[in-house]
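Novice: Sequence and predicted model, in that order:
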Amino acid sequence: MRRYGMNLTAALVGLTLAFGTAAQAQDRVDQLLPAEKPAPGEVDRQASDAEQDPAEVRTTQALNAEITARNDLAESQERADQAAFEAERARWEQQQALNNQARLDWEASVRASEEARQRWEADRARWEADVRACEAGDLSRCAAPK
């Protein structure tokens, strides 16, 4: 159970780092691109290809490619973490089933042992009664010679 918790913790830390990396990439985009807000009453519009600065377009494309790569990596890591979690969960469930079966087997063994002890005690009590009756003179209760 301790190992299961450690694996889950590692998976959560990995996911946190992966999503934190995506946030850092977005912060980098915000730092590299100028923050131009439209003047009051002006509508924010997409510039045509001819109006765009080629260096800014290259920077944007490079940053978008980096973000996409990081997102793909995070998605791959998430799939791997999910698969590891599911495998560990399946192993845990299998162990729980084995533990439950062992408990049921043990309980059945205890019941059988208790029944055998009770039969032995009853047989012993009958034998002791027969011995006392035989010693008191009731020959019908004496054991036959062998």
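Specialist: Sure, I can see it.
Novice: name the element the residue nearest in space to the middle of the chain belongs to?
Specialist: Nearest to the mean C-alpha position of the chain, by CA atoms, centre = their mean, lies residue 89 at 3.8 Å. Using DSSP states H and E, residue 89 maps to helix 54-135.
Novice: Which strands or helices does that helix pack on?
Specialist: Of the remaining helices and strands, those touching helix 54-135 by 3 or more CB pairs under 8 Å, 6 or more residues apart in numbering; DSSP states H and E are helix 2-32. (Each C-beta comes from the backbone N, C-alpha and C, glycine too.)
Novice: what separates the helix holding residue 89 from the chain centre, distance-wise?
Specialist: 10 Å (CA atoms, centre = their mean, to the nearest Å).
Novice: Rounded mean pLDDT for that helix, please.
Specialist: When pLDDT is averaged over helix 54-135, the result is 97.
Novice: The chain should start at 16 in everything you say after this.
Specialist: Sounds good: first residue 16 from here, last item helix 69-150.
Novice: The residue nearest to the centre of the chain and residue 138, how far apart?
Specialist: Between residue 104 and residue 138 the distance is 51 Å, computed by CB to CB, to the nearest Å.
Novice: Just list the residues touching the residue nearest to the centre of the chain, thanks.
Specialist: Shown in contact with residue 104 (CB atoms under 8 Å, 6 or more residues apart in numbering): no residues.
Novice: count of neighbours near residue 96?
Specialist: By other CB atoms under 10 Å, the residues close to residue 96 number 19.
Novice: measure it to residue 85 for me?
Specialist: Relative to residue 85, and taking CB to CB, residue 96 is found at 16 Å.
Novice: do residue 106 as well
Specialist: Distance from residue 106 to residue 85, by CB to CB: 31 Å.
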